[in-house]
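Undergrad: no FASTA, just this:
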């Protein structure tokens, strides 16, 4: 799987705001002039940022000068920025321990200054360093903190960055969770028109719907969905990033190959290679050529597969790309075996085994290094805690030493130890409470996304929620007429887009009229009024929602007709009666309803007509005297599995002028 990471999206973007040599000269000129201490601190920080990639020692010297001046002048924001710059100098040296030390100190100063933008930024950067070090648990903790702060101040850039990073953590662990975070991030990136972010998200979303070695039987496997997102990535990049365009193209080609549309796959993967070649992007060239070779292999053209694999091999070896080289060696071993060139097959199998062992050992070394790194980080953070405690108690300690002297020193030390213990306990309790509160809020949010509020509260209080009989509920069903035939006229992208648009509108309509969405089943939508808390307005609530849904689809039909495009038509049915409502599932909860009322409501929909709201006699009896509604009796209509049933169309009353 190729996953695109956004982990350090903010680290570089928020710090490097100047160019290179000319900006260095300009900053040095500013620094040579008389400045207030606060301005001088910020200038030193900016100048430090110019040396991150070229001279980390100079970057650190300038950042240290900024830190000393900020401490001397008690300039809290400047001190935070200086620690942030010091962390950057360590980051570009690959020194994760000291990077984390400096950024933890920067975080404290940003918190003291109540600079929530800085807090969110540093929390995200801390998460990125832990992610790169293989500590997903710590990374997730920082990302969740970052997103909470960012949302509290409506910082969309940092919100979407944290969402994307969390999705990336789950990409190889829990695809459904990754999908949920990526989908939360996508509309934000679209709203702020960050096309690189949209492209990155779309590529990762597409990968979720493809099977791989770790997820060969994923229930999320859906080639149409993968193609939809890869094409979205291609549209988003729109020529702004040729490297990314190549990546998107070869991903699209992979989908066509899996669909056995080999001519289309070869055409697109060849284009991906040409794009990468034009921009001299060797890694993308390797990926495109390998995908092309895989396609030739799938269609049984072993000779062309070998040619493409060999082209990819030459480039991969030249640029020292071990994982890509490993994949190419394995492809060549299999291809040569198919054409009975067993000498070449054996040689490439041995090359594959050698590089696989090398990579395995490298991964083991990395794992050991990660454990050592964790130990060093804990040790450094312990030192930071001691320094913090020492700063806060230093004044008290000096007074005690002067006043008490000699025999009182022991007593003073005892007090210091006790104070330190209480201080640490206070910090631990405060931090623990914060974590508990944050996780509780996240848990509540997730529950409310899938369960009604009352049911979620019962589940939290009791650990379970009992199924209940509700005597009167109005159940609403919708279905699109001729959906299967229409799906043949639309591309997967158009089909998913239109369905998403309709169902999103239905969700809002249900919320407005107090209905509870139960579920979607393909192109059908099911909701109910009068639950989980019974009420007396559910029949009219359901009718109002149904008419608004009908009108929404009709408006879409008019727009599509005017543009000469295929359109949806909708049938809607309503029936009122008793149901059993409750939670099903163990790992993934779902609120559902059962009973003959549900089946009858479904029959009202299937027995209706496009553009009409069809209701049962039971619902009609409850609403027949409602003002501003008109009803048309349809007489007895044959309903599948129910025999003949009285049915009524309902419309809003026309107002004459």
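TA: Arrived safely. Being a predicted model, the structure only gives us computed values, none of them experimental.
Undergrad: got any ranges where the stretch 551-657 of the chain has weak pLDDT?
TA: For the stretch 551-657 of the chain, the stretches flagged by pLDDT under 70 are 584-589, 654-657.
Undergrad: Secondary structure element holding residue 649?
TA: strand 643-652 (DSSP states H and E).
Undergrad: How about residue 611?
TA: Applying DSSP H and E, one finds residue 611 in no helix or strand.
Undergrad: ok, residue 156 to residue 170 distance?
TA: 22 Å (CB to CB, to the nearest Å). The way it works is simple: take the backbone N, C-alpha and C, and place the C-beta from them, glycine included.
Undergrad: And those two? Which one has more around it.
TA: Neighbours were counted for residue 156 and for residue 170 using other CB atoms under 10 Å; residue 170 has more, 19 against 14.
Undergrad: What is the one helix or strand residue 125 maps to packed up against?
TA: For residue 125, the element it lies in under DSSP H and E is helix 116-132. Helices and strands touching helix 116-132, by 3 or more CB pairs under 8 Å, 6 or more residues apart in numbering; DSSP states H and E, are helix 9-13, helix 76-91, helix 96-112, helix 136-152, helix 156-170.
Undergrad: try it again with 6 Å
TA: Applying 3 or more CB pairs under 6 Å, 6 or more residues apart in numbering; DSSP states H and E, one finds that helix 116-132 contacts helix 9-13, helix 96-112, helix 136-152, helix 156-170.
Undergrad: Tabulate the ones you listed (a markdown table), appending distance to residue 43.
TA: Formatted as a markdown table, the helices and strands packed on helix 116-132 follow (distance: least, CB to CB, whole Å):
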| stretch | distance to residue 43 |
| --- | --- |
| helix 9-13 | 20 |
| helix 96-112 | 18 |
| helix 136-152 | 27 |
| helix 156-170 | 25 |
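Undergrad: Need the mean per-residue confidence for stretch 260-278.
TA: If you average the pLDDT over stretch 260-278, you get 90.
Undergrad: which outside residues touch it?
TA: Residues outside stretch 260-278 that contact it (CB atoms under 6 Å, 6 or more residues apart in numbering): 242, 245-246, 249-250, 252-253, 256-257, 284-285, 288-289, 291-292, 295, 299.
Undergrad: run the last query once more with 8 Å
TA: Stretch 260-278 has contacts (CB atoms under 8 Å, 6 or more residues apart in numbering) with 242-243, 245-247, 249-250, 252-257, 282, 284-285, 287-289, 291-292, 295-296, 298-299.
Undergrad: Same question for stretch 136-149.
TA: In contact with stretch 136-149 (CB under 8 Å, 6+ apart) are residues 116, 119-121, 123-124, 126-128, 130-131, 155, 158-159, 161-163, 165-166, 169, 173, 435, 438, 441-442.
Undergrad: Can you point out the buried residues in it?
TA: 136, 138-149 (16 or more other CB atoms under 10 Å).
Undergrad: and what of stretch 632-651?
TA: 634, 639, 645, 647, 648, 650.
Undergrad: which residue packs closest to the second one, ignoring adjacent ones?
TA: Which is residue 639. Nearest non-adjacent residue to residue 639, counting by CB to CB, 6 or more residues apart in numbering: residue 603, 4.1 Å away.
Undergrad: next one: the first one
TA: Counting by CB to CB, 6+ apart, the nearest residue to residue 634 once its immediate chain neighbours are dropped is residue 647, at 4.5 Å.
Undergrad: Could you tell me how far that neighbour is located from residue 158?
TA: Separation of residue 647 from residue 158 (CB to CB): 54 Å.
Undergrad: OK, contacts around residue 543?
TA: So residue 543 contacts 574, 613, 615, 619, 623, 626, 629, 650 (CB under 8 Å, 6+ apart).
Undergrad: Tell me if it really is in a helix.
TA: Yes: membership of residue 543 in a helix is supported by DSSP: H, G, I helix; E, B strand; the rest coil.
Undergrad: If I look at it, what pLDDT would I see?
TA: For residue 543, pLDDT reads 95.
Undergrad: what comes up buried for the one helix or strand residue 619 maps to?
TA: According to DSSP H and E, residue 619 maps onto helix 617-623. Across helix 617-623, burial judged by 16+ other CB under 10 Å covers 618, 619, 620, 622, 623.
Undergrad: now for that helix, which elements pack on it?
TA: Packed against helix 617-623 by the contact rule (3+ CB pairs under 8 Å, 6+ apart) you find helix 538-562, strand 570-584, strand 643-652.
Undergrad: strands paired with the shortest one, and their directions?
TA: Meaning strand 643-652. Note on strand 643-652: by DSSP bridges, its sheet partners are strand 613-616 (antiparallel), strand 629-639 (antiparallel).
Undergrad: could you give the angle of that strand to strand 570-584?
TA: On the basis of axes from the mean of the first three to the mean of the last three CA atoms, to 10 degrees, strand 643-652 is oriented at 110 degrees to strand 570-584.
Undergrad: And for the longest one?
TA: Angle of helix 538-562 versus strand 570-584, following the same axes, to 10 degrees, is 130 degrees.
Undergrad: centre of the chain versus helix 538-562, how much separation?
TA: 32 Å (CA atoms, centre = their mean, to the nearest Å).
Undergrad: Which residues belonging to it are considered buried?
TA: 538-550, 552-554, 556-557.
Undergrad: so where's the stretch 401-550 of the chain shaky on pLDDT?
TA: The stretch 401-550 of the chain contains residues with pLDDT under 70 at 401-466.
Undergrad: what does stretch 637-647 contact?
TA: 599-600, 603-604, 606-608, 614-617, 620, 633-636.
Undergrad: try 7 Å
TA: Defining contact as CB atoms under 7 Å, 6 or more residues apart in numbering, one finds that stretch 637-647 is touched by 600, 603, 604, 606, 607, 614, 615, 616, 617, 634, 636.
Undergrad: Quick check on those: which are buried?
TA: Counted by 16+ other CB under 10 Å, the contacts of stretch 637-647 give 600, 603, 604, 607, 614, 615, 616, 634 as buried.
Undergrad: How far off centre is the one helix or strand the second one maps to?
TA: Following DSSP H and E, one finds residue 603 within helix 596-606. In terms of CA atoms, centre = their mean, the gap separating the centre of helix 596-606 from the centre of its chain is 37 Å.
Undergrad: Show me how the protein divides into domains.
TA: 1-170, 468-652 (automatic domain parsing).
Undergrad: Any idea which of these gets closest to residue 196?
TA: Evaluated over those, closeness to residue 196 peaks at domain 1-170, with 9.2 Å, by CB to CB.
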